[in-house]
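# 3D, please:
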Amino acid sequence: MLCCETSNCLNFVDKEGDIFCESCKIRIEKLSDKKQKCENCGYEKFDSDKKCVYCGIVKIEKQDNVNHPSHYNRGKVECIDALESASSSPEGFQDHCRLTAIKYLYRAGAKNDALEDAKKAIWYINRYIKSLEDKNKNSKS
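Numbers count the residues shown, from 1 in each chain. Sure thing, here's the model as predicted:
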């Protein structure tokens, strides 16, 4: 979701570590409220390059490659949510989830770690189940 009506809505981080929309200057996320601490010195402020303003060590972000891989995000929208929203029917999205789970099981260990691939398959199966549950709830209403 964009924070403003323009199609060129881009994010930037100010010196306090807060994320703003470049075109409308609306604060999207106030990172400084999260009290992230430097693992080296314990100081709580980072600059726009994710360096601690006290000791200069770059903050290392832990990436979750199974549940929310950062390379599948554009702004605040994750690819799976965009796919679900763009699907012409719940069944189309459910097919995508089932087929993607099969893909991860089929290639398990060939590209990435087999355990990570199995966890990704389970993630898609769980998303498939959630979609089925949502469909059942909506049909009973």
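# hey, which helix or strand in the protein has the poorest pLDDT?
strand 27-29 (a mean of 48; mean pLDDT, DSSP states H and E).
# Check the secondary structure at Val66 for me.
Secondary structure of Val66, reduced to three states by DSSP: H, G, I helix; E, B strand; the rest coil: coil.
# Now for it: which residues touch it?
116, 119-120, 123 (Cβ atoms under 8 Å, 6 or more residues apart in numbering). All C-beta atoms are positioned from the backbone trio N, CA, C, and that covers glycine.
# ok, of those, which one's closest to Ser88?
For those, the minimum distance to Ser88 (Cβ to Cβ) is 23.2 Å, reached by Trp123.
# what helices or strands is the strand or helix carrying the closest one leaning on?
Per DSSP states H and E, Trp123 falls inside helix 114-140. If contacts are counted by 3 or more Cβ pairs under 8 Å, 6 or more residues apart in numbering; DSSP states H and E, helix 114-140 sits against helix 90-106.
# Pull out the CA atoms of the helix it packs on and give them to me as PDB.
Extracted in PDB, the C-alpha atoms of helix 90-106 (Å, rounded to 0.1, in the frame of the first residue of the first chain):
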ATOM      1  CA  PRO A  90      -9.800 -17.800  -4.500                       C
ATOM      2  CA  GLU A  91      -9.300 -21.100  -6.400                       C
ATOM      3  CA  GLY A  92      -6.700 -19.500  -8.600                       C
ATOM      4  CA  PHE A  93      -4.700 -18.400  -5.500                       C
ATOM      5  CA  GLN A  94      -5.200 -21.800  -3.900                       C
ATOM      6  CA  ASP A  95      -3.800 -23.500  -7.000                       C
ATOM      7  CA  HIS A  96      -0.700 -21.200  -6.900                       C
ATOM      8  CA  CYS A  97      -0.100 -22.100  -3.200                       C
ATOM      9  CA  ARG A  98      -0.400 -25.900  -3.900                       C
ATOM     10  CA  LEU A  99       1.800 -25.800  -7.000                       C
ATOM     11  CA  THR A 100       4.400 -23.700  -5.200                       C
ATOM     12  CA  ALA A 101       4.500 -26.100  -2.300                       C
ATOM     13  CA  ILE A 102       5.100 -29.000  -4.800                       C
ATOM     14  CA  LYS A 103       7.900 -27.000  -6.400                       C
ATOM     15  CA  TYR A 104       9.700 -26.500  -3.100                       C
ATOM     16  CA  LEU A 105       9.400 -30.200  -2.300                       C
ATOM     17  CA  TYR A 106      10.400 -31.300  -5.800                       C
END
